[in-house]
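Asks: no sequence for this one, just the structure:
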């Protein structure tokens, strides 16, 4: 495809869907002005995330939205020629999922339901059951939702399925149990960056990582949106503040360069790995 621009958002989103849609419209407009072909918005950009991860209040959960709801149709329209990934709380009958959808103005390209759940989240959401890549105008892409990226198998599954780009949508907070005086010293801040770089480098793919900022209830979110190259190098980032990290690169060429001598996927030994 040649050179394209990939963009990851750090921003705050709450329960007010109209406000969230206005913010998303502004972010899409800014990304379009920067020439971005792909924009990855955070997890729970429609309706916000949980206010308490350890003991979620069943009466104060994010609004559950139908996959064909008007809000997601609006985002499709706003996306137009761009590829946009966005997170929301998905309603499936009485069940809820922490979900992400990838769209353009032509419709839905792919979906993902968060598979891995930290303690407490199971009160609010059912777990998803698969990782699958899909084709988009910017290349073959797969999605992860925050805690998914803690597990190497998640991104590896997408890479084996042919993903060249992994979009990680997060509502990743600072440490809940061991708060640090400064964000830079926070354990979860360090892990967030470590996982982003490791998942890109071990699979030799491009990773586009978004995250929420600000606070909700007792949760304070990290920001730190970034684009990571297939060697694990951070190409663009927002640090802890709200903003858009934009990097321009030839995805196919960068991956080919990374795999020229050492091709991690091709050099695996699945027959000797334990599955459980």
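Replies: Thanks, I have it. From a predicted model like this one, the values you see are computed outputs, not experimental measurements. Residues are numbered from 1 along each chain as shown.
Asks: list the beta-bridge partners for the residue positioned nearest the centre of the chain.
Replies: Centroid-nearest residue in the chain: residue 169, 1.6 Å away (criterion: CA atoms, centre = their mean). For residue 169, the residues forming beta bridges with it (DSSP bridges) are residue 145.
Asks: quick check: it touching residue 146?
Replies: Yes - look at residue 169 against residue 146 with CB atoms under 8 Å: they come within range, at 7.1 Å. The way it works is simple: take the backbone N, C-alpha and C, and place the C-beta from them, glycine included.
Asks: which neighbours do these two have in common?
Replies: residue 43 (CB atoms under 8 Å, 6 or more residues apart in numbering).
Asks: all helices for the stretch 151-276 of the chain, in order.
Replies: 152-160, 187-203, 251-258 (DSSP state H, counting those that start in this stretch).
Asks: buried set for the last one?
Replies: Think helix 251-258. Neighbour-count burial for helix 251-258 flags 251, 254-255, 258 (criterion: 16 or more other CB atoms under 10 Å).
Asks: okay, those in TSV with distance to residue 69 and pLDDT next?
Replies: As requested, the buried residues of helix 251-258 are exported to TSV (distance: CB to CB, whole Å; pLDDT from 0 to 100):
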residue	distance to residue 69	pLDDT
251	31	98
254	36	97
255	35	98
258	39	97
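Asks: burial of residue 149, as a residue count?
Replies: Residue 149 is flanked by 24 other residues according to other CB atoms under 10 Å.
Asks: again with residue 236
Replies: Residue 236 has 21 nearby residues by other CB under 10 Å.
Asks: gap between it and residue 272?
Replies: According to CB to CB, to the nearest Å, residue 236 stands 37 Å off from residue 272.
Asks: repeat that for residue 158.
Replies: Going from residue 158 to residue 272 by CB to CB gives 22 Å.
Asks: between those two, who's got more neighbours?
Replies: Ranked by neighbour count (other CB under 10 Å), residue 158 and residue 272 place residue 158 first, with 28 against 6.
Asks: could you pull up the residues touching that one?
Replies: By CB under 8 Å, 6+ apart, the contact set of residue 158 is 131-133, 142-144, 166, 203, 205.
Asks: and the closest residue to it other than its chain neighbours, how many neighbours does it have?
Replies: Spatial nearest neighbour of residue 158, excluding adjacent residues (CB to CB, 6 or more residues apart in numbering): residue 142 at 3.2 Å. Around residue 142 there are 26 other residues, counting by other CB under 10 Å.
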